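Undergrad: Quick check, what structure comes out for this input:
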Amino acid sequence: MTTHANPASLFDGGFETLTALLPADAVVHAWLKATHPEAPAEIRVAQGEREIRHLAARNTEEFEFVSLVVEKAGETSFTCDSTTTAVSVIYAFSPANVLEKGITVLYSGHANAAPAVPDSYHFRPPFGWMNDPNGFGRFGHKVHLFYQHYPHSLRWNTMHWGHAVSDDYLHWKHLPVFLFPSAELSARADGRGGAFSGSAIPLDGGEPGIRVFFTEQVRDRTPEEQIQLTNVSHDQITTGPPEVILPERPTGLDLTSDFRDPYVFKGPDGRWKMLVGSRDNAGGVILLYEIADPAATGGWIFLGILHREDRFGITAAECPCIVPLNPAAVDQQTRWALIFGLLTSRDPATGRRNITLATVGRFDGSSFVKEFEQELDFGTDAYAFQAFVDHSGPVGIAWLANWTDVSKKADFPSAMTLPRYVLLNDGGLLTPPVDAVENLRHRLIDDARLLSGETVELGNGAVEIVIDLAASGAALDLEFDYPDADLGLKVDQHGLSIVYDVRDGRLSPRYIAAGARPSTLRIFLDIGSIEVFADNGRWTGTKRLRGLATVRSARLVASEGNVVAARLWQLKL
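TA: From the prediction side, this is the model:
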């Protein structure tokens, strides 16, 4: 598919003429909004002089979804009056090959356009806002990533589910919007709710489709603001109407209205289980349900509270997930990793907010016995982590951001983290990047100058740095030239730290893995982020960087003999 818009006709919120070469039976999705109550928003769709369809919407408060099928191949024009019609997004796709080719974005406005970061290698949506990963898993031959999505601006609002697929966790094809909020919630851009976070499983019986589970949020709805729904997609692209499966919270537990983020997985007893995040008057709690139905439809039974975390006050446990760490032999000896975020939590020692905990223990299908726990990420910007068991073992991904950074006054073009394995080794949980990231190494920039203390230019800023220390915990300072903050990496007697100060006069949190004594560091820099994996992910730190500037250079400061090797690669998708 190819597209062309007359540059003179583009404006913020619409266009006058747009043309695209579309194949036969192409599906077009568009969102329109009327700019005046007395005149509808309209788009004339034509091929030559022949009008195919007249798309119209009357809503003046929010963009309204419309769609059509273009039956014949050919150059197709979209014409509208910019004085009466605002357009958020138009994309097209061929249902026959969309899983391989993805969608083609024909138009997006200035308010929701994806950032211009052509050299970035992290996943970003093709337009609009993104937060939590949802339904991360392998269905058929591809890895699917769903995510919290608002198509019409770069700020959080009424939630949809975006969708993408990959063959290698790194190269993604964007797919049509998967879940839509209800008609009531879609009528206004007031952020009252929508299709919140959840998970996905394959359909029973080997069918190629997907069953998803998600929270529907409606602010101020009584008696429940948050309920759990399920939906099925037989073609992995479209869904039917959702069904309510958990219409209310368990009674008798003094739970708050927080009741969200269903994570469905197969337990060691062969039954489907579901985790749901909540909180009570003491702290965060994770609820456990199960179902005997192999299709995981109706009849979910509440088993009890699986886990609670009270040390940070009345914080909501959200986005829970659990994976076996020895998937090949799920039995009583298998350890499981239970991972969840704690919304509003604050670490008093460092000032970091919204901590994610990883708790390792034994799970028999109805109870979880903790053996040890650790923070998932000392940088805290790997939030809403979700994992599943793939062919190579558990793999997870997270939102590369933190609710502490969200502002109602600023746009927020966020990304997902690099996908990571979840491994148990020597009494610790490791989260190294997947093996495929080594394929990003485009060329070796340096293997001598950084080691000798010189300043090394980082080109477009998309780089990987690997540093080998002479001894565990050998001290070093890695200084970066970044225009929007003081940025660096430090190993000293206190541990491993990401140095990050935005110079706004306020005391910055300390992003530290206290007591860490790493031997090897892998540092991934990209537009808007730094990810650090020490000793194969034994200590992992992720930090979103303010703005979309490039990290321009790096300089290594260390006592003679502390660093054995330092190598730096330019990365490219």
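Undergrad: so which helix or strand takes in the nearest residue to residue 285 once chain neighbours are set aside?
TA: Leaving aside its sequence neighbours, residue 285 sits nearest to residue 308 (Cβ to Cβ, 6 or more residues apart in numbering; 4.6 Å). Every C-beta, even on glycine, is put in place using the N, C-alpha and C of the backbone. Under the criterion of DSSP states H and E, residue 308 resides in strand 301-309.
Undergrad: Sort out which residues of that strand are buried, please.
TA: Neighbour-count burial for strand 301-309 flags 302-303, 305-307, 309 (criterion: 16 or more other Cβ atoms under 10 Å).
Undergrad: what sits up against it?
TA: 250, 253, 275, 282-291, 315, 317, 338, 340, 342, 357, 359, 366-368, 370 (Cβ atoms under 8 Å, 6 or more residues apart in numbering).
Undergrad: where does this structure dip in pLDDT?
TA: Residue ranges of the chain with pLDDT under 70: 1-15.
Undergrad: Domain map for it?
TA: The chain breaks down by automatic domain parsing into domains covering 2-93, 130-430, 439-571.
Undergrad: need the ones you listed in CSV with distance to residue 115, can you?
TA: Output for the domains of the chain, formatted as CSV (distance: least, Cβ to Cβ, whole Å):
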stretch, distance to residue 115
domain 2-93, 16
domain 130-430, 4
domain 439-571, 5
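Undergrad: Tell me which of the ones you listed lies nearest to residue 99.
TA: Closest of the domains of the chain to residue 99 is domain 130-430, at 5.9 Å (criterion: Cβ to Cβ).
Undergrad: Next, the distance between the ends of the closest one.
TA: This stretch, domain 130-430, spans 26 Å end to end (Cα to Cα, to the nearest Å).
Undergrad: So what's the gap between that domain and the chain middle?
TA: How far domain 130-430 lies from its chain's middle: 11 Å, per Cα atoms, centre = their mean, to the nearest Å.
Undergrad: Return the residues in contact with the nearest residue to residue 391 once chain neighbours are set aside.
TA: Nearest residue to residue 391, sequence neighbours excluded (Cβ to Cβ, 6+ apart): residue 138, at 7.6 Å. Residues near residue 138 by Cβ under 8 Å, 6+ apart: 144, 388, 390-391.
Undergrad: which SSE is the residue nearest to residue 322 when sequence neighbours are not counted in?
TA: Nearest residue to residue 322 in three dimensions, chain neighbours excluded: residue 338, at 4.7 Å (Cβ to Cβ, 6+ apart). Using DSSP H and E, residue 338 falls within strand 335-343.
Undergrad: now the angle between strand 301-309 and that strand, please.
TA: Strand 335-343 runs at 70 degrees relative to strand 301-309, counting by axes from the mean of the first three to the mean of the last three Cα atoms, to 10 degrees.
Undergrad: what's the following helix or strand after strand 335-343?
TA: strand 356-363.
Undergrad: Tell me the buried residues in that next one?
TA: Buried positions in strand 356-363, judged by neighbour count with 16+ other Cβ under 10 Å: 356-361, 363.
Undergrad: can you count the residues close to the nearest residue to residue 135 once chain neighbours are set aside?
TA: Nearest residue to residue 135, sequence neighbours excluded (Cβ to Cβ, 6+ apart): residue 200, at 3.2 Å. Neighbourhood size, residue 200 [other Cβ atoms under 10 Å]: 25.
Undergrad: Which helix or which strand is home to residue 200?
TA: Per DSSP H and E, residue 200 falls inside strand 193-202.
Undergrad: That strand - contacts with which helices or strands?
TA: Where contact means 3 or more Cβ pairs under 8 Å, 6 or more residues apart in numbering; DSSP states H and E, strand 193-202 is packed against strand 129-139, strand 142-150, strand 160-166, strand 210-218, strand 259-266, strand 316-324.
Undergrad: for the ones you listed, which one sits closest to residue 506?
TA: The nearest among the helices and strands packed on strand 193-202, by Cβ to Cβ, is strand 129-139 at 24.0 Å.
Undergrad: Tell me what angle the closest one forms with strand 316-324.
TA: With the same axes, to 10 degrees as the basis, strand 129-139 and strand 316-324 are set at 20 degrees to each other.
Undergrad: Export only the CA atoms of the strand or helix carrying residue 384, formatted as PDB.
TA: For residue 384, the host element (DSSP H and E) is strand 383-390. Output of strand 383-390 as PDB, limited to C-alpha atoms (Å, rounded to 0.1, in the frame of the first residue of the first chain):
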ATOM      1  CA  TYR A 383       6.400  -1.400  35.100                       C
ATOM      2  CA  ALA A 384       3.400  -3.700  34.500                       C
ATOM      3  CA  PHE A 385       5.800  -6.600  33.600                       C
ATOM      4  CA  GLN A 386       4.000  -9.500  31.900                       C
ATOM      5  CA  ALA A 387       5.500 -12.800  31.100                       C
ATOM      6  CA  PHE A 388       4.600 -16.100  29.500                       C
ATOM      7  CA  VAL A 389       6.300 -19.500  28.900                       C
ATOM      8  CA  ASP A 390       7.700 -19.600  25.400                       C
END
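Undergrad: Could you shift the numbering so residue one becomes 54, and keep it that way?
TA: Okay, residue one is now 54; in that scheme the one you just asked about reads as strand 436-443.
Undergrad: partner strands of it, parallel or antiparallel?
TA: strand 446-453 (antiparallel) (DSSP bridges).
Undergrad: Please name every helix or strand in contact with the helix or strand following the partner strand.
TA: Downstream of strand 446-453, the next assigned helix or strand under DSSP H and E is strand 468-469. Applying 3+ Cβ pairs under 8 Å, 6+ apart, one finds that strand 468-469 contacts strand 182-192, strand 446-453.
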